[in-house]
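Enquirer: pasting the structure only:
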């Protein structure tokens, strides 16, 4: 707009200047035409006129250009005005279409504009709402009209708070209007210092909230009443005027008033009020049906009060019974020929019997309630102080003391102090004291002393004889124990030594089995493998019996649901039973037992294996049933059964019944011997029942566990799975074993599987090979026991340290002790026992090499 005005002023100035130039040009032309006798200056005047004409033309062109620019500016101005009018119209439509009330206030708090909804929200002020209305005048009009309920009590104060919020808006205002509606006002500052306000009608929302609140209050009221009715005490709540507000059924029953007489809000009669709230504080009163009530008065902050009524008839009867019992107890204790007392933890006598009066010669009223030191005196009290302190610390004491009695012929006494523990908190409340006269006993002991001295000589002689016999017995026991330990050590060492060549033989056989052989040679190889398998099973079984006899098997007792173990066993043995044409049924229960998951599983696996082995047809039942103190878990079969006279022998070593040999030629008669030792280690009782021709039941009784202590994770087999084939190709394996035959067998087998191998008998030899060839193995397989006391664990660590990296490794050893296996697990290595089964070895290699790839 300012640019357009400037162009108009410049155009007017140019027009005035052009008019002047035209007048000058006309005057000059007249002079040229009129005077040629001006001494020859006419031509000069003509030249001046031509120059002036040239300038006039330039000024005319400039004027025309300015006029064109002015026309363009006027056109743009017209377009801008039209766009502004269109935008203003659209803004008016947009503001009017807002569902909420809208008001825009200028920086000076005057109304700039508003929409129709704003006018509808304030119908009484519609006539004054127009642009220029001051905000305070508008709010004052609403307040004076009584439109805001909150402003009726303090109009001026509310007006000041409303203006303050308008000047510094923060959050929203919720107003309750006189017409029953609710408004939410949200105001914000504008960029030029004004205010914009949105006025929202939230009446429907508030009504919904009220309906929900009323519903919640009704639900809470029902819940409160149900809670009151569930309380064993009678409860009544009164307002400040004594009107009954709430009560429960127990209150009505205890005071003997009908529900009609106790209607909420009804003022009760003076007689009824005496029953309901007889006095302030607490008191006991007689209720209906011979009951005794304890009434307590509890004031409330609003001026009302609550009364609680407790039926204490049983407590009163118990108190009376306690008093009667105390009288009977005192009658009994007074008749006993001993001193009986109770002392609290402050060392004060609380109870004494008649014996104390007779012993000390003073009445019980002067004993009870007084400290022990005052009653006994310093000398007698100091003599038993130590035992008093022990009793108050929770430790019982029995001791003898000298206690002269002025009125009785007593010299010696035996005292017993027994602590009295708090059953709820476990602290010591006091102790019971029992003092018995042992004067006659001590005198009899003196009389017997002489007889004792006479017998000492004969006793000494017999003692010498018994000592000699005992020495011989101890020597025999020691020799037997040493023989047992020697047998165990010998058998463990022999088993270990047997496993080494057996392992080499199995490796060579596994390599041989992978070669193309004539039929006769293949059959011989299979027979040799089966024989080695039988020897392996025999050695492992004997080794396990040796460990059980030596007490080397530790139990891991835990609380677990027996159903989890039985489900696992049923899944494991169902295919085996089906292969023999048998059906395996499972009968489970939800009991929690306390046992060793692994050892108990071995017992039940032995039962299942025997049942499948010695049952030709029919079904097997794996199940459990509850017995006193626990659960009996076992296997019931439909096999040949066992004769009653042979049942005591079946748990012995190498016992196989002749009638069962035709059914299965495998087995060594050691399975039930192991079961017997495992049950003894678990401290569980075995149960056997058999009927010849019908079947047998082998079971074990397991004690109940605590469900709250169950932290059950089924133990799993750490051996690698055979479902994943081993990596082949360019994988380089480093083998460490001090037995050349085993090394040769391993190399032969692994190279048949297309592995590259390096074989060494020690860590030093392995390092020399690696350095000489400049190689880094993909995995290390090491025996645990090497020459000169070295171990495979040390060899693996030295090689990894030398190479500067962690190489995947596995211990393959005949030492099956828990220590070796735990060491391998702690280092992150795999573990495999000798003799090596080729399938397990191949699976282990896949497991170790995959771990190396992931690492």
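Expert: Cool, the structure landed. Just so you know, these numbers come straight off a predicted model, no measurement behind them.

Enquirer: Phi and psi next, for the nearest residue to residue 138 once chain neighbours are set aside.
Expert: Among residues not flanking residue 138 along the chain, residue 125 sits closest, at 6.6 Å (CB to CB, 6 or more residues apart in numbering). Heads up, the C-betas are built off the backbone N, CA and C, glycines and all. The phi/psi pair for residue 125 (degrees, to the nearest 10) reads phi -110, psi 10.

Enquirer: Let me see the contact set for residue 125.
Expert: 138, 141-142, 145 (CB atoms under 8 Å, 6 or more residues apart in numbering).

Enquirer: pretty sure residue 395 contacts residue 418?
Expert: No - look at residue 395 against residue 418 with CB atoms under 8 Å: they stay out of range, at 10.0 Å.

Enquirer: before we move on, the earlier item: quick check: PyMOL command selecting the buried ones in the contacts of residue 125.
Expert: In PyMOL, a selection of the buried entries from those looks like this (16 or more other CB atoms under 10 Å):
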select buried, resi 138+141+142
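
Enquirer: So among the contacts of residue 125, where is pLDDT lowest?
Expert: Among the contacts of residue 125, residue 145 carries the lowest pLDDT, at 83.

Enquirer: Could you measure from that one over to residue 126?
Expert: 12 Å (CB to CB, to the nearest Å).

Enquirer: Geometrically speaking, which residue is the centre of this protein?
Expert: Nearest residue to the geometric centre of the chain (CA atoms, centre = their mean): residue 711, 11.7 Å.

Enquirer: Residue 345: neighbour count?
Expert: 15 (other CB atoms under 10 Å).

Enquirer: Dihedrals phi and psi, it?
Expert: phi -70, psi 0.

Enquirer: That one contacts residue 429, doesn't it?
Expert: Yes - here residue 345 reaches residue 429: they are 6.0 Å apart, a contact under CB under 8 Å.

Enquirer: now the helices: where do they sit in the stretch 701-850 of the chain?
Expert: For the stretch 701-850 of the chain, helices defined by DSSP state H, counting those that start in this stretch occupy the ranges 740-752, 763-773, 792-803, 818-827, 838-854.

Enquirer: Dump these to a markdown table, plus distance to residue 701.
Expert: Shown next, in a markdown table, are those (distance: least, CB to CB, whole Å):
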| stretch | distance to residue 701 |
| --- | --- |
| helix 740-752 | 45 |
| helix 763-773 | 51 |
| helix 792-803 | 42 |
| helix 818-827 | 27 |
| helix 838-854 | 35 |
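
Enquirer: Those helices: which one's closest to residue 590?
Expert: helix 818-827 (32.5 Å; CB to CB).

Enquirer: and the closest one, what does it pack onto?
Expert: helix 792-803, strand 809-813, strand 830-833 (3 or more CB pairs under 8 Å, 6 or more residues apart in numbering; DSSP states H and E).

Enquirer: Return the set of buried residues in the first one.
Expert: It stands for helix 792-803. Buried-residue list, helix 792-803, by 16+ other CB under 10 Å: 792-793, 795-796, 798-800.

Enquirer: Throw the residues you listed into TSV and include distance to residue 314, thanks.
Expert: Shown next, in TSV, are the buried residues of helix 792-803 (distance: CB to CB, whole Å):
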residue	distance to residue 314
792	76
793	72
795	79
796	76
798	80
799	81
800	77
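
Enquirer: Which one of those residues is nearest to residue 330?
Expert: Top of the list for closeness to residue 330, among those and by CB to CB, is residue 793 at 75.0 Å.

Enquirer: wait, what's in contact with the closest one?
Expert: Going by CB under 8 Å, 6+ apart, residue 793 touches 782, 784, 811, 823-824, 827.

Enquirer: so how far is residue 829 from it?
Expert: Counting by CB to CB - residue 793 and residue 829 are separated by 8 Å.

Enquirer: Same question for residue 575.
Expert: 32 Å.

Enquirer: Show me where the stretch 651-800 of the chain dips below the pLDDT cut-off.
Expert: Scanning the stretch 651-800 of the chain for pLDDT under 70 picks out the ranges 651-671, 712-730.

Enquirer: Same check on the stretch 1-150 of the chain?
Expert: 1-8, 28-29, 31-49, 80, 83-96.

Enquirer: residue ranges of the helices in it, please?
Expert: 2-34, 42-97, 116-121, 135-144.

Enquirer: per-residue confidence for residue 178?
Expert: Residue-level pLDDT assigned to residue 178 equals 81.

Enquirer: Angles on the backbone of it, please.
Expert: phi -70, psi -20.

Enquirer: Of residue 575 and residue 829, which one has the most company?
Expert: residue 829 (21 against 9).

Enquirer: so the more buried one touches residue 811, yeah?
Expert: Yes - if you go by CB under 8 Å, residue 829 and residue 811 touch, sitting 5.8 Å apart.

Enquirer: Residue 417: how many residues sit nearby?
Expert: Residues near residue 417, counting by other CB under 10 Å, number 23.

Enquirer: Number the chain from 467, please
Expert: Okay, using 467 as the starting number, the last item reads as residue 883.

Enquirer: Dig out what it forms beta bridges with.
Expert: Counting by DSSP bridges, residue 883 is bridged to residue 863, residue 899.

Enquirer: so who does it touch?
Expert: Per CB under 8 Å, 6+ apart, neighbours of residue 883: 853-854, 856-857, 862-864, 897-899.

Enquirer: top of those residues by neighbour count?
Expert: Neighbour counts for the contacts of residue 883 (other CB under 10 Å) peak at residue 897, which has 27 neighbours.

Enquirer: host element of that residue?
Expert: Per DSSP states H and E: residue 897 is located in strand 894-903.

Enquirer: Return, as residue ranges, the portions of the stretch 867-1016 of the chain with sub-threshold pLDDT.
Expert: 868-876, 942-943, 945-1016.

Enquirer: rerun that using 50 as the cut-off
Expert: In the predicted model of the stretch 867-1016 of the chain, residues 873, 1000 satisfy pLDDT under 50.

Enquirer: nearest to residue 520, of the contacts of residue 1259?
Expert: Among the contacts of residue 1259, and counting by CB to CB, the member closest to residue 520 is residue 1293, at 111.0 Å.

Enquirer: That closest one: how many residues sit nearby?
Expert: 14.

Enquirer: next one: residue 1247
Expert: Residue 1247, neighbours per other CB under 10 Å, totals 29.

Enquirer: That one contacts residue 1274, correct?
Expert: No - Residue 1247 is not in contact with residue 1274 according to CB under 8 Å; the separation is 10.0 Å.

Enquirer: Where does residue 1089 fall, secondary structure wise?
Expert: strand 1085-1093.

Enquirer: Tell me the strands beside that strand, with direction?
Expert: Short version: by DSSP bridges, strand 1085-1093 pairs with strand 1049-1053 (parallel), strand 1096-1102 (antiparallel).
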